[in-house]
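Asks: Just the structure for this:
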Amino acid sequence: MEVPLLGDALPLVPSAPRWLAVALADLDAVHADHLHCERKAAQSALSLIRSYPMHGELVLQMSRLAHDETRHVVQVAQLMQRTGAAPSFDHGDDYAAALRALVRPREPERLLDRLLVFAVIEGRSAERLGLLAGALPDDKSAALYAALADAEVRHRDVFLALARDVAPDTWRGRARELAEREAELMGRRVASARIH
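Replies: Alright, predicted model coming up:
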């Protein structure tokens, strides 16, 4: 499957500048949260394989994506070990939960919405990892975050391409709707030392 750049179909609002200042003030907390974000991204990809084994291209793309995300878990764990940041329990992600609540319950809309919600999450992760990459004082950490931001853009576009393939007539409109809902969610959030 050719994965073109599809980010224009999912126009996310920029993060408030306050988020970066809060994140930089507690990088250990950001890294600990990031570790769980990468783990959950791998689990989300695998959950799509479990739910839609009849979609061969989806199975292939999600297998690759889960592999990437698992590698990212290792990379973030190595960064944490190098910087002395302590792992912590997963404290949940109300941002992702609020987006998942927008998924319509009936098929085929459910598959489309799941793909688009995951695209939104990857897009937001890409933006915030990119912001961190540009601000981290440690060159090694900054390079890792830049590479991870690029990977999240690719993952976003994989989800968008799959959404396009499963709902060619409706995916763009629904992507815009979900981007608008995400903007409302972002407008209500208090900045915290977490990826989302």
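Asks: and the closest residue to residue 20 other than its chain neighbours, how many neighbours?
Replies: Among residues not flanking residue 20 along the chain, residue 131 sits closest, at 5.1 Å (C-beta to C-beta, 6 or more residues apart in numbering). Yep, even glycine has a C-beta here, placed from its N, CA and C like the rest. Residue 131 is flanked by 19 other residues according to other C-beta atoms under 10 Å.
Asks: Could you pull out the buried residues of the one helix or strand residue 159 maps to?
Replies: Applying DSSP states H and E as the criterion places residue 159 in helix 139-166. Using 16 or more other C-beta atoms under 10 Å as the test for burial, helix 139-166 gives 141, 144-146, 148-149, 151-153, 155-164, 166.
Asks: tell me, what residue is most central in the protein?
Replies: Closest residue to the average C-alpha location of the chain: residue 122 at 2.3 Å, with C-alpha atoms, centre = their mean.
Asks: before we move on, which element is that one in?
Replies: Going by DSSP H and E, residue 122 is in helix 109-135.
Asks: Give me the average confidence score over that helix.
Replies: Taken as a whole, helix 109-135 carries a mean pLDDT of 97.
Asks: Give me the below-cutoff pLDDT ranges for this protein.
Replies: For the chain, the stretches with pLDDT under 70 are 1-7.
Asks: Identify all contacting residues around the host helix or strand of residue 99.
Replies: Applying DSSP H and E as the criterion places residue 99 in helix 94-100. Residues from elsewhere that reach helix 94-100 (C-beta atoms under 8 Å, 6 or more residues apart in numbering): 40, 117, 120-121, 124, 178, 181-182, 185, 189, 196.
Asks: can you give me how far that helix is from the chain middle?
Replies: With C-alpha atoms, centre = their mean, to the nearest Å as the basis, helix 94-100 stands 12 Å off its chain's centre.
Asks: what do you get for stretch 133-146?
Replies: 19 Å.
Asks: picking up where we left off before, mind listing what the residue nearest to residue 20 touches?
Replies: 15, 19-20, 23.
Asks: let's see it at 10 Å
Replies: Neighbour list for residue 131: 14-15, 17, 19-20, 23-24, 145, 149 [criterion: C-beta atoms under 10 Å, 6 or more residues apart in numbering].
Asks: quick one on the thing from earlier: report the buried residues of the helix holding residue 122.
Replies: Those would be 111-133, for helix 109-135 by 16+ other C-beta under 10 Å.
Asks: now do stretch 92-106
Replies: By 16+ other C-beta under 10 Å, the buried positions in stretch 92-106 come out as 93, 95-96, 98-99, 102-103.
Asks: Span of that stretch from start to end?
Replies: 26 Å (C-alpha to C-alpha, to the nearest Å).
Asks: Please state the offset of it from the chain centre?
Replies: On the basis of C-alpha atoms, centre = their mean, stretch 92-106 sits 13 Å off its chain's mean C-alpha point.
Asks: Just give me how far whichever strand or helix holds residue 46 sits from the chain centre.
Replies: In the assignment (DSSP H and E), residue 46 maps to helix 27-51. Averaging C-alpha positions (C-alpha atoms, centre = their mean) puts helix 27-51 8 Å from its chain's average.
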